[in-house]
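>>> just need the structure, nothing else, for what follows:
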Amino acid sequence: MENSDDMKQPVAFARPRGAHRLEVFSPKLDRRLTFHRRSALEQWILLEADPAVGAFCERPGFIQYGGQRYLAEFWVRYVDREELVLLGDSIVDMDARPAIHLAQAELTVRSVLPAELAASRMWIDNWQRMLPYIVANRGLVSDALSHAIERFLRDPQRLLAIEREFSTGDPILVRAAVFGLLYSGRVGAQSLRTDALSLLTEFVAAEPAP
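I've put the predicted structure just below:
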């Protein structure tokens, strides 16, 4: 298998004619990413927001799958495994001469169908609203504030109640702290998978805070 270090830089790939240019910043990778398809952007959001994902890379290289050669959408590393992700509209290019061809002997290839992304639409949309708070306030949310909010969330609390409880602080930082706790897996908000984020959204600590 290719060393995973070889999969940490995306393959350079020209923007398809007529495609959009979608740029984002990944807190996990601490760098900018560029996508040309909405499906790739949505899959990135799912990976970025998953606390179980330790690292990933977009467009890590080409793989042979189902008799065709695809540009893999993502390489993903979890605690116990690594995998390659293909999307329903992943690029097939039999004539390209890729700089990197990924060996697959020990890697699972996961094919994500459009229906799977559609089923996660609300979760994706909510994270599109929350990630900018995390990115814009990197390094500004104190550990003391995060721990205080986590302790307050031993019992489920609506976002409105959290902001009222910590009203003496900057409300933007309070909201960024709540979303940061959710991002790290220290807090849960199950309703965000089915309902739009609002002041009535309930958050609760994943486990008792020390």
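
>>> C-alpha from now on. contacts and neighbour counts both.
Noted.

>>> what are the boundaries of the strands in this structure?
22-26, 31-35, 53-58, 62-65, 68-71, 74-78, 82-87, 108-112, 157-158, 187-188, 202-205 (DSSP state E).

>>> between the ones you listed, which gets nearest to Thr194?
strand 202-205 (12.5 Å; CA to CA).

>>> what sits up against that closest one?
Strand 202-205 is contacted from outside by 150-151, 153-159, 186-189, 191, using CA atoms under 8 Å, 6 or more residues apart in numbering.

>>> break the chain into its domains for me.
The chain breaks down into these domains under automatic domain parsing: 4-119, 121-205.

>>> give me the mean pLDDT for the last one.
When pLDDT is averaged along domain 121-205, the result is 97.

>>> hang on, Gly54 packs against Glu82?
No - using CA atoms under 8 Å, Gly54 makes no contact with Glu82, being 9.9 Å away.

>>> higher neighbour count, the two?
Glu82 (18 against 15; other CA atoms under 10 Å).

>>> ok, the more buried one touching Phe74?
No - assessed by CA under 8 Å, Glu82 is found out of contact with Phe74, at 10.5 Å.

>>> mind listing the shared neighbours of Gly54 and Glu82?
With CA under 8 Å, 6+ apart as the test, Gly54 and Glu82 both reach Val76.

>>> quick one, helices of the protein?
38-48, 114-119, 121-136, 143-152, 159-165, 171-184 (DSSP state H).

>>> of these, flag the one that's most buried.
For the helices of the chain, ranked by mean neighbour count under the definition mean count of other CA atoms under 10 Å, the leader is helix 171-184 at a mean of 21.

>>> how far off centre is that helix?
Relative to the chain's own centre, helix 171-184 is displaced by 16 Å; criterion: CA atoms, centre = their mean, to the nearest Å.

>>> returning to that earlier point: output the helices of the chain as TSV; include the columns distance to Tyr70.
Below are those laid out as TSV (distance: least, CA to CA, whole Å):
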stretch	distance to Tyr70
helix 38-48	14
helix 114-119	17
helix 121-136	25
helix 143-152	42
helix 159-165	43
helix 171-184	31
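
>>> for Phe25, which of those helices is the nearest?
In terms of CA to CA, the element of those nearest to Phe25 is helix 121-136, at 7.3 Å.

>>> please save the CA atoms from the closest one in PDB.
Extracted in PDB, the C-alpha atoms of helix 121-136 (Å, rounded to 0.1, in the frame of the first residue of the first chain):
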ATOM      1  CA  ARG A 121     -28.900  17.400   3.600                       C
ATOM      2  CA  MET A 122     -30.000  19.000   6.800                       C
ATOM      3  CA  TRP A 123     -26.800  18.000   8.700                       C
ATOM      4  CA  ILE A 124     -24.700  19.400   5.800                       C
ATOM      5  CA  ASP A 125     -26.700  22.600   5.600                       C
ATOM      6  CA  ASN A 126     -26.400  23.200   9.400                       C
ATOM      7  CA  TRP A 127     -22.600  22.600   9.300                       C
ATOM      8  CA  GLN A 128     -22.400  25.100   6.400                       C
ATOM      9  CA  ARG A 129     -23.700  27.700   8.900                       C
ATOM     10  CA  MET A 130     -21.600  26.500  11.900                       C
ATOM     11  CA  LEU A 131     -18.200  26.000  10.300                       C
ATOM     12  CA  PRO A 132     -17.700  29.700   9.500                       C
ATOM     13  CA  TYR A 133     -17.900  30.500  13.200                       C
ATOM     14  CA  ILE A 134     -15.200  27.900  14.000                       C
ATOM     15  CA  VAL A 135     -13.000  29.100  11.200                       C
ATOM     16  CA  ALA A 136     -13.400  32.900  11.900                       C
END
